[in-house]
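A.B. asks: sequence and predicted structure below; questions after.
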Amino acid sequence: MDASERGLQVAGRPALDARVESGLRWSAARQTLTGVIGVVGVLAYSRVLQPADLGAVGLAFLVYDGLFLLVQAPVRDAVVYYQEQEGDHASAAFWLLLGFSGAVVAPAMALAGQFARFYQSPFAAGLTRAMMITFLLQSVAVVPAALLLKRFQFAVHESLQTAYFLLLFAGWVSLALAGFGPWSLVIPSIIASAFWSLTTWRAVGFRPALRPTRRAFGDILRFSRSLFGSKFLVYLKAKMDNAAVGTLGEDRLGWYSFGEDQSAFATIGLGAVVAQVALPALAAARDRLEEFRRIYLEMLRLTATLSTPMQIGAFVLADLGIVVIFGEQWLAAVPVFHAYLGFRLVNTLLEITDAASSAIGRPDIRLAVDAAQLPFFVAGTWFGLTVWGGIAGVAWSLAIVRAVAGLAYFAVMMRVTGLKIGETLRYLLPNALAGALMGIGVQVARGMEVLRGMIAPMRQPFLADALNLIVLTLIGAAGYFAILFALDRAGSVAVARMAWEIVVPKSLRRWIAGRRKLPRPSAPSGSAW
């Protein structure tokens, strides 16, 4: 390692693995681009579609989300986990996927009509059948996409994902504006999934063997069964409440789904992105426990540093942000949005913990936690719907149950990996304290008469609300990072250096480090310098 590279390291910590740097850099670039365009897409369809339209789509996704959840993570993680005999294990995973998909799609399509009649939804049957096509296309892409991650081909994976999301968002906007109603969110899923499937196969050059060994089938099944069971329980937890709320009508299901889905912006935009890169990095280090713990803690701190202010700020500014960004027809979703943001603070970090449990070969831990949680989830759904009443009661009941179970899961993983409570708190507590103080500050700033006086003269209410939202967001961001730096200077510097390593390629960092070492030119004799 040369001197310039040593100068890029955080004191006492090795520099990030080049493959991890590259993965995070590509993931960050993809997430930034698709995030910006995604906001435009959601903004467009949310202002055109009505809550009942989103409720009808939510019914169709009750089936699709469950099926895809059962195949994506278990099989993807199994393919990444087995470092040797790649072709044999990948082939076994593909044929298992194909058999499962064929076994569930036909009955799902046949029963779609009865499903729609139960919920009294005229669109649910057709939408559900269309999403089964999407499921088939996504299923056949799971193995080649996992191979891209396993081989650390993040540039290809993220480029294809970017194109996939661009197709999806463009379809949402164009079809929603063209008056396709709930179909504007389903037809683009089929088109984008076909693209994703074809391009991942072509990029990997995957050709499944016709007769994988029995050992490969056994390995995939043994590894996947705990995750399969865990994801089935995750599906029940994720969709049991939607199924119950759907009996109240499509409007209420639309508001409930909207609030729950929009609360996941940091989980999807940060937690899932970092976890996707952390999985192969942690899997490669699973036999070096000290290195494993280091990567795990750094990924947790990176995620917490960025996600905490976003989620607490969104909680404080929820009503203002939803009106400005999505429109007043979604204001009834604010209580649901509030409830789930509290849970998402934990859930975003659990994305990294899921990657750690898979990488270390212990997906059974999540299964055990989910199984223990299920009775409380059922009770919470009943309590929220019948005692507290309405969609807000369901959301708050289940947010509490999910957050407590998530903390228990995190505690178990700390014991398994040998992490100390004090060390973990040193990484995460400053972010929580800075976020809480930031939230209080933003709430105070929102009520200040000075800010109101600046905005009140504006004749356009929408522009006044938008300006208010922007100013408060800037105040919150500046306050959070200032407080975090004051509370944990070393940690703030470490995260900043990590961000530097992620964003700036190694070749450019070396060039900059070399330029810093060049002697400063002396002033020419007789000059005025």
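C.D. replies: Received it, and whenever you're ready, just let me know what you need. Numbers count the residues shown, from 1 in each chain.
A.B. asks: quick one: low-confidence parts of the stretch 151-300 of the chain?
C.D. replies: 226-227, 229-230, 269 (pLDDT under 70).
A.B. asks: how about the strands in it?
C.D. replies: Listed in chain order, the stretch 151-300 of the chain contains no strands at all (DSSP state E, counting those that start in this stretch).
A.B. asks: contacting residues for Gln138?
C.D. replies: By Cβ atoms under 8 Å, 6 or more residues apart in numbering, the contact set of Gln138 is Phe68, Gln72, Ser193, Trp196, Ser197. Quick note: C-beta positions are derived from backbone N, CA and C, even for glycine.
A.B. asks: show the buried residues in those residues.
C.D. replies: Burial of these was assessed by neighbour count (16 or more other Cβ atoms under 10 Å); the buried members are Phe68, Gln72, Ser193, Trp196, Ser197.
A.B. asks: quick one: the residue nearest to the last one when sequence neighbours are not counted from Trp196, how far?
C.D. replies: In space, and not counting its chain neighbours, Ser197 is closest to Ala141: 4.1 Å by Cβ to Cβ, 6 or more residues apart in numbering. Going from Ala141 to Trp196 by Cβ to Cβ, to the nearest Å gives 5 Å.
A.B. asks: still on that earlier bit, let me know the closest of the buried ones among the contacts of Gln138 to Leu349.
C.D. replies: Using Cβ to Cβ, Gln72 is the member of the buried ones among the contacts of Gln138 that sits closest to Leu349, with 20.4 Å.
A.B. asks: now do the buried residues in the biggest helix by length in the chain.
C.D. replies: Ranked by number of residues, the top helix in the chain under DSSP state H is helix 214-246. Neighbour-count burial for helix 214-246, counted by 16+ other Cβ under 10 Å, picks out 216-217, 219-220, 223-224, 226-246.
A.B. asks: and what of stretch 369-383?
C.D. replies: Applying a neighbour-count criterion of 16+ other Cβ under 10 Å, the buried positions in stretch 369-383 are Val369, Asp370, Gln373, Leu374, Phe376, Phe377, Gly380, Thr381, Phe383.
A.B. asks: confidence-wise, which of those residues comes last?
C.D. replies: When the buried residues of stretch 369-383 are compared on pLDDT, Asp370 comes out least confident, at 82.
A.B. asks: how about the nearest residue to that residue, chain neighbours excluded?
C.D. replies: When the adjacent residues along the chain are set aside, Asp370 lies closest to Leu233, with 3.7 Å between them (Cβ to Cβ, 6+ apart).
A.B. asks: for that neighbour, list the residues it contacts.
C.D. replies: If a contact means Cβ under 8 Å, 6+ apart, then Leu233 has Leu367, Asp370, Ala371, Gln373, Leu374 as its contacts.
A.B. asks: from the residues you listed, which is closest to Glu351?
C.D. replies: Using Cβ to Cβ, Asp370 is the member of those that sits closest to Glu351, with 14.9 Å.
A.B. asks: quick check: angle from the helix or strand harbouring that closest one to helix 214-246?
C.D. replies: For Asp370, the host element (DSSP states H and E) is helix 364-383. Orientation of helix 364-383 against helix 214-246 (axes from the mean of the first three to the mean of the last three Cα atoms, to 10 degrees) gives an angle of 20 degrees.
A.B. asks: show me what helix 364-383 is packed up against.
C.D. replies: Here helix 364-383 is seen to pack against helix 214-246, helix 334-359, helix 390-417 when contacts are counted using 3 or more Cβ pairs under 8 Å, 6 or more residues apart in numbering; DSSP states H and E.
A.B. asks: want to throw these into a markdown table with distance to Gln50?
C.D. replies: As requested, these are exported to a markdown table (distance: least, Cβ to Cβ, whole Å):
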| stretch | distance to Gln50 |
| --- | --- |
| helix 214-246 | 16 |
| helix 334-359 | 17 |
| helix 390-417 | 16 |
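A.B. asks: what's the closest of those to Ala499?
C.D. replies: Of all the helices and strands packed on helix 364-383, it is helix 334-359 that lies closest to Ala499, at 16.4 Å by Cβ to Cβ.
A.B. asks: quick one: list the elements packing against the closest one.
C.D. replies: helix 51-81, helix 250-262, helix 272-284, helix 289-316, helix 318-325, helix 364-383, helix 390-417.
A.B. asks: sorry, back to before: burial count for the residue nearest to Ser197?
C.D. replies: Residues lying near Ala141 (other Cβ atoms under 10 Å) number 23.
A.B. asks: now do the contacts for it.
C.D. replies: Neighbouring residues of Ala141 by Cβ under 8 Å, 6+ apart: Ser193, Trp196, Ser197, Thr200, Trp201.
A.B. asks: cool, and Ala163?
C.D. replies: Taking Cβ under 8 Å, 6+ apart, one finds Phe195, Thr199 in contact with Ala163.
A.B. asks: distance of it from Ala203?
C.D. replies: In this structure, Ala163 and Ala203 are 11 Å apart, going by Cβ to Cβ.
A.B. asks: ok, Lys420 next?
C.D. replies: As it turns out, when the distance is counted by Cβ to Cβ, Lys420 lies 42 Å from Ala203.
A.B. asks: give me the more crowded residue out of those two.
C.D. replies: When neighbours are counted by other Cβ under 10 Å, Ala203 comes out ahead of the other of Lys420 and Ala203, with 17 against 10.
A.B. asks: and the helices in the stretch 1-150 of the chain?
C.D. replies: With DSSP state H, counting those that start in this stretch, the ranges of helices along the stretch 1-150 of the chain come out as 3-6, 18-48, 51-81, 86-110, 112-119, 124-139, 142-150.
A.B. asks: mind checking which of those is nearest Met299?
C.D. replies: Across the helices of the stretch 1-150 of the chain, the minimum distance to Met299, taken as Cβ to Cβ, is reached by helix 18-48, at 8.9 Å.
A.B. asks: tell me, how many neighbours does Gly55 end up with?
C.D. replies: When neighbours are counted by other Cβ under 10 Å, Gly55 comes out with 28.
A.B. asks: leaving out chain neighbours, which residue sits closest to it?
C.D. replies: Residue nearest to Gly55 in three dimensions, not counting chain neighbours: Glu250, with 3.2 Å by Cβ to Cβ, 6+ apart.
A.B. asks: perfect, that will be all.
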